Every structure is written in C-alpha cells, then in structure tokens.
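J.: Sharing a sequence plus its predicted fold:
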Amino acid sequence: MANRKYHTLLSIDGSPGCPWAIEFGAYDHDTVWDEYLGMRDRGWKRRELKIITTGDAQAEIEAAVAELNKDL
C-alpha cells in the first residue's frame, strides 16, 4: 500500500543552531493548519513555524526534518 500524504507542523525557536522540531502531525491539512494558527495565537512568529507534507512513514518524516536541519 502506498504512503498517504501526511502533514507535519514544525517549530524552531530561532536561537543559533536550534533545529526544526516536530510539533504536531495529521493526515488532514486543515487539522494541522488549526494547530499552526493556535501556536501563532500563543505568540509564535510565522518564521518559527513550518508545515511540511511527506508520506506517512515515520522514517520519511524524520528524513525531511533532517534535510531542513542540515543547513542550520
């Protein structure tokens, strides 16, 4: 069975070398977007949050996050 699309909300605190970290994930983009908006309401800046879309395999999600962090 093929992987389903999975949406993951990532955060970064902006300090030097701080990596992107997984905050929340779901198959439904709107659910992840609601979590994003909630974090924005709690004071997170737009540049500190990111939603990525990958397959639903944990290894695939972790590889995508590692790719984002490699250039920090």
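T.: Sure thing, it's come through.
J.: Now that Trp33 has come up, it's in contact with Arg40, right?
T.: No. Trp33 lies out of contact with Arg40 (Cβ atoms under 8 Å); the separation is 10.4 Å. C-betas here are computed from N, CA, C, even on glycine.
J.: can you give me the strands for this protein?
T.: Per DSSP state E, the chain carries strands over the ranges 5-11, 21-26, 49-55.
J.: what angle sits between the first one and strand 49-55?
T.: Relative orientation of strand 5-11 versus strand 49-55 (axes from the mean of the first three to the mean of the last three Cα atoms, to 10 degrees): 150 degrees.
J.: and strand 5-11, what other elements does it pack with?
T.: Counting contacts by 3 or more Cβ pairs under 8 Å, 6 or more residues apart in numbering; DSSP states H and E, strand 5-11 packs against strand 21-26, helix 29-41, strand 49-55, helix 58-69.
J.: before we move on, back to that, CSV for the strands of the chain, including distance to Glu62 and mean neighbour count?
T.: Below are the strands of the chain laid out as CSV (distance: least, Cβ to Cβ, whole Å; neighbours: other Cβ atoms under 10 Å):
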stretch, distance to Glu62, mean neighbour count
strand 5-11, 10, 20
strand 21-26, 8, 16
strand 49-55, 9, 16
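J.: hang on, the earlier thing: reformat the helices and strands packed on strand 5-11 as TSV; add mean pLDDT.
T.: Formatted as TSV, the helices and strands packed on strand 5-11 follow (pLDDT from 0 to 100):
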stretch	mean pLDDT
strand 21-26	97
helix 29-41	98
strand 49-55	97
helix 58-69	95
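J.: Lys5: which of those is closest?
T.: Nearest to Lys5, of all the helices and strands packed on strand 5-11, is strand 49-55, at 5.6 Å by Cβ to Cβ.
J.: got a list of contacts for that closest one?
T.: For strand 49-55, contacts defined as Cβ atoms under 8 Å, 6 or more residues apart in numbering pick out 2-12, 20, 23, 29, 32-33, 36, 39-40, 60-61, 64-65, 68.
J.: repeat that with 10 Å
T.: 2-12, 20, 22-25, 29, 32-33, 35-37, 39-40, 60-65, 67-68 (Cβ atoms under 10 Å, 6 or more residues apart in numbering).
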